[in-house]
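Visitor: show me the folded form of this:
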Amino acid sequence: MSVSEGIGEAESRASVRLTLSAVVITLLFASLGQTIVTTAMPVMVADLGGAEHITWVLTSYLLASTIGAPVAGKLGDVWGRKVVIQAGILIFVAGATLAGFAQNMTMLIAARLIQGLAGGGLIVVSMAVVADVLPPRELGKAQGMLGAAFGVSTVIGPLLGGLIVSTIGWHWIFFVNFPIGLVAFIVLGFALPATVPGKRPPLDVLGAGLLATTLSSVVLAANLGGTVLPYSGAGFLSLVGLGGAALAAFIAVERRAADPILPLELFKMNAFLVSNVVGFLVGMAMFGTIAFMPPYLQVVQGMSPAQSGLFLAPMMVGLIGSSWGAGQIMSRTGRYKALPIVSTALLAGAMLWLSFLDETSGLTGVVIAMVMVGLGLGPVFAIGVAAIQNAVPRSMLGVGTASANMFRLIGGSVGTAGFGAVFAVGLTEQIGGALPEGASVSGFGPETLAVLDEGAQQVVLHGYSLALHPIFLAATVLALLATVVSLSLREMPLESAARA
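Guide: Residues are numbered from 1 along each chain as shown. Reported below is the predicted structural model:
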């Protein structure tokens with residue numbers, strides 16, 4: 001190798017490292033935007049009012065990010081990653097500014113919609129950038145690193161939000177995005193190549209609109225069904241009907257579109273289909289765990305909300321470690337099929353363990369089970385994205401990457417809603433007769449428990465635990481289904497040279 005070749009290779013490696021650093025910063029920037037608000041919500045309600053709409057602070061972000069992911073992925077394929085990711089950062093910061101200056105709950109929810117649209121796009125386009133600059137053989141390692149970044153944001157987001165709220169006020173949980181976004185914007189400006197101008201196909205606006213309508217209907221039906229909208233009511237049925245009609249129209253439009261927003265031919269690819277089905281199933285199990293473990297710890301184990309939140313940390317430690325480990329195995333061996341099979345089987349075992357929790361369970365067992373959950377989740381997310389990126393054509397890299405995030409989020413929405421309905425029915429059956437006159441099962445919490453005599457408390461604690469068992473049993477079945485589906489994954493060779 002000549003001196004000039006050696007210098008060129010060193011510069012290339014330095015450019016890749018700079019790009020990956022910028023991608024990690026961007027991912028943290030976008031994912032913190034979702035998690036940092038959770039601990040601030042009671043304070044925001046006290047300041048702005050509108051307590052009946054507080055859940056929309058989270059739901060609006062989830063809804064918008066689900067829609068924004070596939071659209072941004074496609075724009076990145078057509079217009080280039082750099083312009084899309086930098087535009088996403090500016091839009092995200094604009095939404096954060098509006099949220100920080102919000103004067104009422106309506107303005108805050110609208111600002112969160114803007115943030116979510118940009119945040120969902122930033123995540124998937126950042127992941128696609130990794131596949132641009134690294135060879136397929138290295139994708140598992142890089143996606144494992146990004147999975148670790150997600151895990152870190154999930155743990156530190158609520159803690160950072162609580163610290164900011166208790167010191168300088170809730171407005172600053174949004175303003176803190178400014179310096180992080182500025183650093184990411186500048187570094188990406190240096191790290192990513194400019195898009196080469198050229199003839200671009202017309203954007204599939206109709207397909208994008210129908211896809212957004214379909215995804216919105218699914219997310220809204222999952223989040224509002226059984227609570228705001230009764231399942232048998234006209235509102236819920238209309239929402240389901242709208243989603244079904246939009247999906248049918250979307251399929252018809254995409255078959256004829258010159259450059260579809262989500263090419264239907266992707267669903268004929270084994271890695272794309274299998275990885276997304278597994279991601280959907282695991283997303284249901286994962287979000288169900290996150291939603292229902294804190295209530296168990298607060299009500300049955302008597303913990304404070306802050307303490308119960310910390311018990312999600314062992315899950316994230318497991319997720320970070322297994323994401324990194326799975327990526328290392330994939331990069332060093334070039335093999336990856338066994339990883340999602342083993343991890344989803346482990347996830348099923350962890351969920352089965354959780355299904356036996358009751359008022360007598362020790363906290364050590366809870367920690368071990370949560371670590372196992374994380375160990376089961378990490379390889380699915382890291383390897384699933386890498387397998388899709390290795391299989392799809394480069395012209396579809398962005399939308400292929402976006403699909404993994406989209407199906408996981410939809411699974412989470414459907415899973416959380418379905419588990420919530422099961423829990424509500426079970427709670428009524430188990431503790432309805434033990435509550436004092438006038439007490440509502442739907443409003444049951446530690447405060448209600450405190451006014452009961454010791455005998456009634458034991459009955460209620462045991463009944464509360466029993467109401468949670470079907471949720472974790474259902475998650476066990478979902479994880480086992482994911483294991484079975486993973487068996488059909490066809491392993492493709494991993495090239496050692498970057499495709500970009």
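Visitor: roughly how far apart are V392 and E359?
Guide: 49 Å (C-beta to C-beta, to the nearest Å). C-betas here are computed from N, CA, C, even on glycine.
Visitor: and what of G68?
Guide: Distance from G68 to E359, by C-beta to C-beta: 43 Å.
Visitor: neighbour count winner among these two?
Guide: Between G68 and E359, counted using other C-beta atoms under 10 Å, G68 has the larger neighbour count: 29 against 17.
Visitor: the more buried one is in contact with L117, isn't it?
Guide: Yes. Applying C-beta atoms under 8 Å, one finds G68 in contact with L117, separated by 4.0 Å.
Visitor: in the helix or strand where L139 lies, what's buried?
Guide: Using DSSP states H and E, L139 maps to helix 136-167. The neighbour-count check on helix 136-167 (16 or more other C-beta atoms under 10 Å) flags 136-162, 164-165 as buried.
Visitor: likewise for stretch 457-469?
Guide: V460, L461, H462, G463, Y464, S465, A467, L468, H469.
Visitor: tell me the mean pLDDT over that stretch?
Guide: The average pLDDT for stretch 457-469 rounds to 80.
Visitor: what is the least confident helix or strand in this structure?
Guide: Every helix and strand in the chain was compared by mean pLDDT, DSSP states H and E; the lowest is helix 446-450, with a mean of 62.
Visitor: could you point out which element follows that one?
Guide: Downstream of helix 446-450, the first helix or strand assigned by DSSP H and E is helix 454-486.
Visitor: domain ranges for the protein, per the record?
Guide: 1-201, 205-257, 264-495 (automatic domain parsing).
Visitor: could you give the separation of the first one from the chain centroid?
Guide: I take that to be domain 1-201. Offset of domain 1-201 from its chain centre (C-alpha atoms, centre = their mean, to the nearest Å): 13 Å.
Visitor: okay, which residue is most central for the chain?
Guide: L409 (5.2 Å; C-alpha atoms, centre = their mean).
Visitor: distance of that residue relative to W56?
Guide: 16 Å.
Visitor: same check, this time on T476
Guide: Distance, T476 to W56, by C-beta to C-beta: 32 Å.
Visitor: next one: M284
Guide: 22 Å.
Visitor: next: Y231.
Guide: On the measure of C-beta to C-beta, Y231 and W56 end up 20 Å apart.
Visitor: could you do L352 as well?
Guide: 35 Å.
Visitor: go on, S217?
Guide: 16 Å.
Visitor: before we move on, what about L312?
Guide: Relative to W56, and taking C-beta to C-beta, L312 is found at 23 Å.
Visitor: any idea where the helices of the stretch 101-250 of the chain begin and end?
Guide: 105-133, 136-167, 172-175, 177-191, 205-224, 234-256 (DSSP state H, counting those that start in this stretch).
Visitor: in the third one, what counts as buried?
Guide: Going back to what we said before, that points to helix 172-175. I173, F174, F175.
Visitor: with the first one instead?
Guide: Buried residues in helix 105-133, defined by neighbour count with 16+ other C-beta under 10 Å: 105, 108-133.
Visitor: V124 is in contact with G398, isn't it?
Guide: Yes. Checked against C-beta under 8 Å, the pair V124 and G398 is within contact range at 6.9 Å.
Visitor: joint contacts of the two?
Guide: Listed contacts common to V124 and G398 are A72, G73, G76; contacts here mean C-beta atoms under 8 Å, 6 or more residues apart in numbering.
Visitor: correct me if wrong: the residue nearest to the centre of the chain contacts A64.
Guide: No. Under the criterion of C-beta under 8 Å, L409 makes no contact with A64, lying 10.8 Å away.
Visitor: give the contact list for the residue nearest to A110 when sequence neighbours are not counted.
Guide: Among residues not flanking A110 along the chain, L98 sits closest, at 7.2 Å (C-beta to C-beta, 6 or more residues apart in numbering). By C-beta under 8 Å, 6+ apart, the contact list for L98 reads M107, A110, A111, I114.
Visitor: sec struct for L98, please.
Guide: helix (DSSP: H, G, I helix; E, B strand; the rest coil).
Visitor: coming back round to it: show me what the helix holding L139 is packed up against.
Guide: helix 3-35, helix 105-133, helix 172-175, helix 313-333, helix 363-391 (3 or more C-beta pairs under 8 Å, 6 or more residues apart in numbering; DSSP states H and E).
Visitor: out of these, which comes closest to V183?
Guide: helix 3-35 (6.2 Å; C-beta to C-beta).
Visitor: state the mean pLDDT of the very next helix or strand once past that closest one.
Guide: With elements assigned by DSSP H and E, the helix or strand that comes after helix 3-35 is helix 41-48. The average pLDDT for helix 41-48 rounds to 72.
Visitor: list the buried residues of helix 41-48.
Guide: For helix 41-48, the neighbour count (16+ other C-beta under 10 Å) marks M41, V43, M44, V45, D47, L48 as buried.
Visitor: quick one: neighbours of A14, just the number.
Guide: Neighbours of A14 using other C-beta under 10 Å come to 11.
Visitor: oh sorry, the question was meant for A102
Guide: Using other C-beta under 10 Å: A102 sits among 21 other residues.
Visitor: G226 too?
Guide: 17.
Visitor: so what's it closest to, chain neighbours aside?
Guide: G226's closest residue in space is A421 (C-beta to C-beta, 6+ apart), at 4.8 Å.
Visitor: separation between the one you found and L229?
Guide: 12 Å.
Visitor: these two - which one has more neighbours?
Guide: L229 (19 against 14).
Visitor: quick one: contacts for S395?
Guide: If you count contacts by C-beta under 8 Å, 6+ apart, S395 has them with D77.
Visitor: go with 10 Å
Guide: D77, V78, D259, P263 (C-beta atoms under 10 Å, 6 or more residues apart in numbering).
Visitor: just checking, V93 touches L122?
Guide: No. The pair V93 / L122 is not scored as a contact, 11.0 Å apart, by C-beta atoms under 10 Å.
Visitor: give me the common contacts of those two.
Guide: F29, G33, G181, A184.
Visitor: so how do I select the buried members of these in PyMOL?
Guide: Only the buried entries of the shared contacts of V93 and L122 go into this PyMOL selection, using 16+ other C-beta under 10 Å:
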select buried, resi 29+33+181+184
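Visitor: farthest pair in the shared contacts of V93 and L122?
Guide: G33 and A184, at 12.2 Å, using C-beta to C-beta across these.
Visitor: what do these two both touch?
Guide: Common neighbours of G33 and A184, counting by C-beta under 10 Å, 6+ apart, are F92, V93, L122, N177.
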